[in-house]
Structure formats: structure tokens, C-alpha cells
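Peer 1: Task: produce atomic coordinates for the following.
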Amino acid sequence: MYTTAIFDMDGLLLDSERHARDAWEKLLTEQGLVFDHQFHLTVVGRNLADSRILFKEQYGDAYDFDHAMTLIRQSLDSHEGGFAVKPGANELLAELVKRGINRGVASSTSYEKVELHLEKSGLLPHFMVLTGGNEVKRGKPAPDIFLLAAERLGVEPERCLVFEDSSYGAIGALEAGMGVVVVPDLKPPTLQIEQRALRVLNSLEDSFEFLDDWFCV
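Peer 2: Residues are numbered from 1 along each chain as shown. This is a model prediction of the structure:
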């Protein structure tokens with residue numbers, strides 16, 4: 001059983017991935033480039049450094065990814081009320097607080113943006129620690145960010161259960177020696193992830209059925 005819950009943010013706690021997808025499609029179209037949905041799915045869940053490499057492989061070394069990211073961030077940050085909270089997230093976090101379960105975030109998004117978007121959504125007070133993709137050398141699917149979150153929480157990795165929407169994140173959690181529950185957003189999990197995850201759920205709302213099996217104080 002686990003004493004700690006670690007959450008991804010985009011696509012898992014917040015309904016932000018669709019906004020990011022739409023922003024990229026609009027920008028690339030304006031730049032006279034073709035938006036490829038399948039390519040975009042390979043970038044979902046990756047950190048900034050890895051995304052930069054993938055974009056240059058897709059659109060050429062001359063593509064100004066950093067300028068594009070500035071425009072995308074401006075678009076996403078313009079959501080004054082923040083992104084919608086995914087169904088079940090508030091209720092699950094409140095229940096974990098009630099049970100005395102440690103709670104952290106391990107997101108590929110930069111620490112500053114994680115803090116900003118969680119604050120806007122009202123979820124920030126639920127968490128004891130945050131970790132962002134700019135704080136580790138290797139992004140998901142490497143285990144680094146999950147190990148950093150566990151270190152900040154002061155717990156052993158094997159006591160952590162990770163909630164993820166992407167296969168990259170799920171692989172990283174498993175490589176860190178943690179359990180993983182997958183709640184897919186834009187992209188279904190691979191067969192390998194389905195076989196190794198504790199559960200694949202349609203929504204965080206479905207997690208309440210299994211909390212007594214997963215967590216102990």
C-alpha cells in the first residue's frame with residue numbers, strides 16, 4: 001500500500017491539453033506549416049528540452065521553437081480564470097487530505113507555470129510540494145522528476161502512487177519504482193502500460209472505488 005500520491009498536472013488535473021493543442025494548431029497554420037495531430041501526441045507529456053528537439057526534427061533546424069513557445073505560453077496564460085479542473089480532481093485531493101496522504105505534483109511544465117496554473121484553478125492549497133520539468137535534466141519518460149518529488153516529500157519511491165494521463169509519464173513513474181494509475185486524456189495508453197499499471201481509469205472520479213486498496217496512513 002502507498003502513503004503518497006503524486007500527480008501530473010496537464011491533462012490529468014487540468015483540462016489544458018486541448019487548449020495547448022488548439023494553440024499549436026493555430027500558430028503553425030499562421031506560420032504556413034502543417035499541424036500534424038499524430039506528431040503533437042508524441043510531444044504531449046514531454047518537457048521543454050525534449051519538445052524542442054522533437055519540433056526541430058519535425059519542422060527543421062531553422063524552426064524557432066523558443067519564440068513559438070513564448071507565443072503559446074502567452075495564449076495559455078491568457079485564460080484568466082485558469083483551466084477547468086478535471087472531474088473528480090477536487091474531490092480526490094480533498095479525500096487524500098482527509099486521510100493524511102502525502103500529496104505532490106510532478107509535471108513536465110516548468111515549476112513557475114505549474115504554480116501559476118494550479119493557483120488559478122484553486123488546486124494549489126491541496127499540495128505539499130511541486131516539481132516542474134525545468135528542475136530536472138531528463139524529462140519524462142525518465143524517472144528523474146518523480147524521484148525529485150519523492151525526495152521533497154521525504155518518502156521512499158516505492159511508497160508513492162502516481163496518477164498520470166500520458167504513457168511517457170507512466171513509464172517514468174514505473175522506472176522510478178512507483179505504482180501508477182493511468183487516466184488517459186488525448187491519447188490512450190500503450191498495451192505495455194495497460195499491463196503494468198495498477199488501473200486504467202476513465203476519470204479520477206473512478207478512483208474512489210480503490211482508495212482503501214491503495215492507500216494507508
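Peer 1: how about residue 209, phi and psi?
Peer 2: Residue 209 adopts backbone torsions of phi -60, psi -20, taken as degrees, to the nearest 10.
Peer 1: From residue 203, how far off is it?
Peer 2: Here the criterion is CB to CB, to the nearest Å. By it, residue 209 lies 11 Å from residue 203. C-beta: built from backbone N, CA, C; applies to glycine.
Peer 1: The two: which has the busier surroundings?
Peer 2: Neighbours per residue (other CB atoms under 10 Å) separate residue 209 from residue 203, with residue 203 holding more: 13 against 10.
Peer 1: so that one sits right up against residue 92, yeah?
Peer 2: No. Judged on CB atoms under 8 Å, residue 203 makes no contact with residue 92 at a distance of 10.0 Å.
Peer 1: Give me the residue at the spatial middle of the chain.
Peer 2: Residue closest to the average C-alpha location in the chain (CA atoms, centre = their mean): residue 8, at 3.2 Å.
Peer 1: from what I can see that one touches residue 165, true?
Peer 2: Yes. In this structure, residue 8 is within contact of residue 165 by CB under 8 Å, at 6.0 Å.
Peer 1: Which neighbours do the two have in common?
Peer 2: residue 45 (CB atoms under 8 Å, 6 or more residues apart in numbering).
Peer 1: what residue of the protein is the furthest out?
Peer 2: residue 32 (29.6 Å).
Peer 1: And for residue 193, the neighbour number?
Peer 2: Residues near residue 193, counting by other CB under 10 Å: 21.
Peer 1: In three-state terms, label it for me.
Peer 2: helix (DSSP: H, G, I helix; E, B strand; the rest coil).
Peer 1: Against residue 199, how distant is it?
Peer 2: When residue 193 is compared with residue 199 (using CB to CB), they lie 11 Å apart.
Peer 1: before we move on, what about residue 106?
Peer 2: 18 Å.
Peer 1: more neighbours, those two?
Peer 2: Set side by side, residue 106 and residue 199 show more neighbours around residue 106, with 35 against 17, by other CB under 10 Å.
Peer 1: okay, now residue 197: neighbour count?
Peer 2: Neighbourhood size, residue 197 [other CB under 10 Å]: 21.
Peer 1: Now do it, the pLDDT please.
Peer 2: With respect to pLDDT, residue 197 has a value of 97.
Peer 1: which residues does residue 147 contact?
Peer 2: 157, 176.
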